[in-house]
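J.: just coords:
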Ligand code: TYC
C-alpha cells in the first residue's frame with residue numbers, strides 16, 4: 001500500500017443566479033395633469049423634480065417611458081402603489097411592469 005495516498009475530494013462551485021429585473025413603465029394618457037405625474041414620480045420613485053419632469057415629458061411625447069428597474073416584487077409593488085395613488089386622486093394614470101431582456 002502506498003503511504004502517500006490522498007483522499008479524493010470533490011469541489012462544488014455554487015454560483016448565485018442574478019435575479020431577473022423588471023422595468024416599471026409610465027404610460028401616457030390624455031387626462032392626468034402633468035404636475036400630478038411629476039408629484040407621483042417624486043413620491044413613489046424618489047426622483048428629483050428634474051428627473052421626474054424629464055420622465056413625464058418623455059412619456060407624454062412618446063407614449064411611455066421606463067421609470068426604473070427593480071427585482072420583480074419591488075417593480076410590481078411600486079407600479080401598483082403609484083397607480084393606486086392616481087386612482088385615489090381620480091386620475092387614469094397607469095404604471096405597468098415588464099421583464100428586461
Ligand atoms: N398627457 C398628459 C396631459 O397632457 C400628461 C401626462 C404625461 C400624463 C405623462 C401621463 O404618463 C403621463 N395632461
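T.: Arrived safely, thanks for sending. Just so you know, these numbers come straight off a predicted model, no measurement behind them.
J.: For residue 14, give me its contacts.
T.: Not one residue lies near residue 14 by CB atoms under 8 Å, 6 or more residues apart in numbering. Where C-beta positions appear, they are placed from N, C-alpha and C, glycine not excepted.
J.: Check residue 63 too.
T.: Counting by CB under 8 Å, 6+ apart, residue 63 has contacts 27-28.
J.: quick one: it from the ligand, how far?
T.: Residue 63 is 9 Å from the ligand, where distance means CB to the nearest ligand atom, to the nearest Å.
J.: So which residues of the protein form strands?
T.: 21-27, 64-71, 94-99 (DSSP state E).
J.: export the ones you listed to TSV and tack on distance to residue 53?
T.: Shown next, in TSV, are the strands of the chain (distance: least, CB to CB, whole Å):
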stretch	distance to residue 53
strand 21-27	12
strand 64-71	12
strand 94-99	17
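J.: which of these is buried the deepest?
T.: strand 21-27 (a mean of 20; mean count of other CB atoms under 10 Å).
J.: Chain neighbours aside, what residue packs nearest to residue 38?
T.: Nearest non-adjacent residue to residue 38, counting by CB to CB, 6 or more residues apart in numbering: residue 52, 4.4 Å away.
J.: The one you found: how many residues sit nearby?
T.: 22 (other CB atoms under 10 Å).
J.: residues in contact with it?
T.: Per CB under 8 Å, 6+ apart, neighbours of residue 52: 37-39, 41-42, 45.
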